[in-house]
Structure formats: structure tokens, C-alpha cells
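Asks: Curious how this folds, go ahead:
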Amino acid sequence: MSTTAEKFSFKPMLAVVLSGETLDVQWLNEHGVGALRASQLAQAGWLTHLGRGAYTLHGDTLKREKCLALPCLALPC
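Replies: This is a model prediction of the structure:
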């Protein structure tokens with residue numbers, strides 16, 4: 001019996017993420033990144049975990065308007 005690891009490329013997602021954007025789990029799911037994968041990407045240094053269900057690209061500066069656009073999260077922006 002052979003196992004195959006699921007291949008994942010973060011590069012296509014980088015092309016659609018705007019600078020300063022907060023990525024919520026719904027947006028990540030729509031782009032093929034589940035909660036476990038998002039956690040792994042944060043541990044690997046690709047994403048920064050902001051709080052429950054919210055991430056940003058590592059090293060990115062958040063924009064106030066983008067944070068306020070997420071009604072379900074209270075983020076320190």
C-alpha cells in the first residue's frame with residue numbers, strides 16, 4: 001500500500017492577497033487552506049496568527065480598514 005502526500009503550493013494564494021489584508025478562515029477555506037493547514041503555515045513562518053480564525057502574511061503591516069472589515073473579530077489594529 002502506498003501513500004501519497006497532498007501537495008500544496010502557497011504561491012498562487014500569495015498572488016491574490018493584498019498587502020495589509022487580514023485573512024479569516026472563511027477566505028482561507030475558499031482558497032484551499034483549511035484550519036490545520038493555516039496553523040501549519042503559521043508555524044512555518046508564512047502566516048502570522050492574529051487571534052481566533054484570523055491570520056495575516058508574516059511581516060505584513062495591517063491596515064485599520066481591513067481589520068474593521070471583519071465584523072466577527074475584535075482585532076488589535
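
Asks: any weak-confidence spans in the protein?
Replies: 1-8, 65-77 (pLDDT under 70).

Asks: ranges for the strands of this structure?
Replies: 23-24, 47-51, 54-57 (DSSP state E).

Asks: Just say which of those is most tucked in.
Replies: Compared across the strands of the chain, strand 54-57 shows the largest average neighbour count, a mean of 23 (mean count of other Cβ atoms under 10 Å). C-betas here are computed from N, CA, C, even on glycine.

Asks: ok, that one: who's next to it in the sheet?
Replies: strand 23-24 (antiparallel), strand 47-51 (antiparallel) (DSSP bridges).

Asks: coming back round to it: now render the strands of the chain as CSV, adding distance to P12.
Replies: CSV is the format used below for these (distance: least, Cβ to Cβ, whole Å):
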stretch, distance to P12
strand 23-24, 14
strand 47-51, 15
strand 54-57, 14
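
Asks: which one of those lies closest to A15?
Replies: strand 54-57 (12.0 Å; Cβ to Cβ).
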